[in-house]
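Participant: Compute the structure for the input listed below.
(2 chains)
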Amino acid sequence: MEAIKAPKGTYDVLGSESWKWARVVNTARSVAEDFGFKEAILPIFEHTELFSRGIGDATDVVEKEMYTFTDRGGRSITLRPELTASMMRSYLENGLNHGPQPVKLWGWGPMFRYERPQKGRNRQFAQIDFEILGVSSPFADIETIDSSMEIYRRLGLSNLQVLINSVGCPKCRPNYRETLKKFFESRLGDLCETCRERFDRNPLRILDCKKTECGKLTDSAPPVIDSLCDECGEHFRTVERGLAKLGADVRVDNKLVRGLDYYTKTAYEILSGDLGAQNAVCGGGRYDNLAEAIGGPEVPGVGFASGIERIVITMEAQGVFMGGEPQTEVFVISTAGSEYAASLLVHELRAKGIASDMNFTARSIKAQMKYASQRGAKFVCIIGEDEMSSGSATVKNMSDGSQETTPRDLATAKILSWKEALAK
RNA sequence: GUGAGCGUAGCUCAGGUGGUUAGAGUACUGGAUUGUGGAUCCAGUGGUCGGGGGUUCAAGUCCCCUCGCUCACCCCA
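Facilitator: Numbering: from 1, shown residues only, chains lettered A, B, ... in the order given. Here you go, the predicted model:
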């Protein structure tokens, strides 16, 4: 029988990698605490309607990328492709809109999209998500963007480019659509095939086309900023000015467009030069229409999502890791007859907070030494036949090879003192 | 969904125009060193050559199909 492998687009994050994830999530958590975001732990699956109505029926995510199935009770269920819709659902369902505003939530976990895998993209992937719900102030937008940049700053990332734009609101976006269509109408022949299709469906997306032929044309296309209504225009200028006051290195990119229907006003993206073609480590913006789309009252919101895999890829490419994978500090070597003593010793060491491991094999002391060395153990403790008969333990410092034999009940104290000496 | 590249040991890869029993390095286990790691040397374990079919006296090698991986498009974090 053939061995079973992980499904396409999924992968295992093992010890050599998972500590990096922990570092990313811990950093996000510390930023969340400093910015006043509370963690929300939400379901991994939701009613399909939450996404089809929230994200938008016509979007690619809903149209062809969702993991949707009917459960045993006949309900249409979907594995979440993103977190924002769930955040808003939870906010409304728990009546958080009746409490003090705004409500600041953050979360992280796996998301699912049925896509063809490539660098920085998988079918199951993890995101960190920050949301500010219940206020329409542009300063909430500024804070959201600042919080994402703070995460990357604390992680030590560099070479990131922050792009902002506005996608307007239901009042002014139709105007811009028309302006754009007028602009492209006479130049349809210069556009690529997919863009000619986009012309009818979603002309804004033409701006996002990476093909050079379209790029030349879109460079001279009228920018959204000029078509915004007074409210959206003022909002955008405040965000732009506010970020500048924070000293943020932000560029206005009037070609930046978002693919999810719920976005309004501010759209932003953070690009990494150290990723592949999927170069966004972070994407987000304002979504003042989402709450109504999922059947709630009018609730403004702004937030971002950031892919953990993409953050880790960028960190690896930039070599920014501090420290490394946590390693065993003490390895306890045992021989036949000394297992109980070894077991007790690691028990005592761990109770003192010293990362320890003991031998479980019948291998020679030499082989156990080699194993301990490979595990990166700083100290080794030998309890063999000699130590058993004299009630002692031999403690060895792996860095200089020095060793001492002490009464066994003093071994833990000995290691502690050596460890302290090493720390200095 | 579309396109391109790649599938030989746990990992990295050799295997000219088909030709005996498929190799190396590394890793793993053991030994040289009978209670002491990192170095060196020796030995051993480890392969349905991704899978199926075809051509041939003979296929890791050629042909077809299929599966998987990677990168890119679309779209997005």
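Participant: So, low pLDDT: which residues of chain A?
Facilitator: Applying pLDDT under 70 to chain A picks out residues A:1-2, A:212, A:322-323.
Participant: what about the nearest residue to residue A:104 once chain neighbours are set aside, neighbour count?
Facilitator: Ranked by C-beta to C-beta, 6 or more residues apart in numbering and with sequence neighbours excluded, the top spatial neighbour of residue A:104 is residue A:37, at 4.4 Å. Just so you know, the C-beta spots here come from the backbone N, C-alpha and C atoms, and that holds for glycine as well. Other residues near residue A:37 come to 24 when the count uses other C-beta atoms under 10 Å.
Participant: mind listing what residue A:37 touches?
Facilitator: Going by C-beta atoms under 8 Å, 6 or more residues apart in numbering, residue A:37 touches A:104, A:105, A:106, A:130, A:147.
Participant: Is RNA strand B within reach of stretch A:15-22?
Facilitator: No: taking C-beta under 7 Å from any atom of the strand as the criterion, stretch A:15-22 and RNA strand B are apart, separated by no less than 12.2 Å.
Participant: For that stretch, give me every contacting residue.
Facilitator: A:13, A:126, A:308, A:312, A:315, A:316, A:321, A:324, A:325, A:326.
Participant: quick one: the second one is in a strand?
Facilitator: To tie it back to what came earlier, the one meant is residue A:126. Yes: counting by DSSP: H, G, I helix; E, B strand; the rest coil, residue A:126 is found in a strand.
Participant: Put the buried members of the contacts of stretch A:15-22 into a PyMOL selection.
Facilitator: Here is the PyMOL command that picks out the buried ones among those, judged by 16 or more other C-beta atoms under 10 Å:
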select buried, chain A and resi 126+308+312+315
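Participant: Mind checking which of the contacts of stretch A:15-22 land in helices?
Facilitator: When the contacts of stretch A:15-22 are checked against helices (DSSP state H), the matches are A:308, A:312, A:315, A:316.
Participant: would TSV of those residues with distance to RNA strand B be doable?
Facilitator: Supplementary listing: the ones in helices among the contacts of stretch A:15-22 in TSV, determined by distance: C-beta to the nearest atom of the strand, whole Å:
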residue	distance to RNA strand B
A:308	8
A:312	11
A:315	14
A:316	12
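Participant: tell me which of those is nearest to residue A:235?
Facilitator: Distance from residue A:235 was checked for each of the ones in helices among the contacts of stretch A:15-22 by C-beta to C-beta. The minimum falls on residue A:308, at 30.3 Å.
Participant: out of everything not next to it in sequence, what's closest to the closest one?
Facilitator: On the basis of C-beta to C-beta, 6+ apart, the spatially nearest residue to residue A:308 that is not a chain neighbour turns out to be residue A:126, at 4.1 Å.
Participant: From residue A:310, how far out is the one you found?
Facilitator: With the distance defined as C-beta to C-beta, to the nearest Å, residue A:126 ends up 10 Å from residue A:310.
Participant: tell me how far the helix or strand containing residue A:33 is from the chain's mean position?
Facilitator: Taking DSSP states H and E as the definition, residue A:33 sits inside helix A:15-35. A distance of 9 Å separates the C-alpha centroid of helix A:15-35 from that of its chain, computed with C-alpha atoms, centre = their mean, to the nearest Å.
Participant: I'd say residue A:302 and residue A:142 touch.
Facilitator: No: taking contacts as C-beta atoms under 8 Å, residue A:302 lies outside contact range of residue A:142: 9.4 Å.
Participant: which one of these two has more residues nearby?
Facilitator: The residue with the greater number of neighbours, taking residue A:302 and residue A:142 and applying other C-beta under 10 Å, is residue A:302; the counts read 31 against 21.
Participant: helix/strand/coil for the more buried one?
Facilitator: Residue A:302 carries the three-state label strand when classified by three-state DSSP.
Participant: burial of residue A:267, as a residue count?
Facilitator: The burial count assigned to residue A:267 is 24, neighbours taken as other C-beta under 10 Å.
Participant: sec struct for it, please.
Facilitator: Secondary structure state of residue A:267, per three-state DSSP, is strand.
Participant: and it, what are its bridge partners?
Facilitator: Beta-bridge partners of residue A:267, counted by DSSP bridges, are residue A:165, residue A:285.
Participant: if I pick it, what's in contact with it?
Facilitator: A:164, A:165, A:166, A:167, A:256, A:257, A:258, A:284, A:285, A:286 are the contacts of residue A:267 under C-beta under 8 Å, 6+ apart.
Participant: Rebuild these as TSV, extending it with neighbour count and distance to RNA strand B.
Facilitator: Supplementary listing: the contacts of residue A:267 in TSV, determined by neighbours: other C-beta atoms under 10 Å; distance: C-beta to the nearest atom of the strand, whole Å:
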residue	neighbour count	distance to RNA strand B
A:164	23	13
A:165	24	13
A:166	32	16
A:167	22	11
A:256	21	10
A:257	20	7
A:258	23	6
A:284	25	7
A:285	27	9
A:286	30	13
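Participant: nearest to residue A:200, of the residues you listed?
Facilitator: Out of the contacts of residue A:267, the one with the shortest distance to residue A:200 is residue A:257. That distance is 16.0 Å, counting by C-beta to C-beta.
Participant: Dump the C-alpha coordinates for stretch A:87-101 into PDB.
Facilitator: Below are the C-alpha coordinates for stretch A:87-101, written out as PDB (Å, rounded to 0.1, in the frame of the first residue of the first chain):
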ATOM      1  CA  MET A  87     -14.300  39.100  13.300                       C
ATOM      2  CA  MET A  88     -17.200  41.300  12.200                       C
ATOM      3  CA  ARG A  89     -19.700  38.400  12.700                       C
ATOM      4  CA  SER A  90     -18.400  37.800  16.200                       C
ATOM      5  CA  TYR A  91     -18.500  41.500  17.000                       C
ATOM      6  CA  LEU A  92     -22.200  41.700  16.000                       C
ATOM      7  CA  GLU A  93     -23.200  38.300  17.400                       C
ATOM      8  CA  ASN A  94     -21.800  39.100  20.800                       C
ATOM      9  CA  GLY A  95     -23.300  42.600  20.900                       C
ATOM     10  CA  LEU A  96     -20.000  44.300  21.100                       C
ATOM     11  CA  ASN A  97     -21.500  47.100  19.100                       C
ATOM     12  CA  HIS A  98     -23.600  48.000  22.200                       C
ATOM     13  CA  GLY A  99     -20.500  48.400  24.300                       C
ATOM     14  CA  PRO A 100     -17.900  51.100  24.300                       C
ATOM     15  CA  GLN A 101     -16.300  51.800  20.900                       C
END
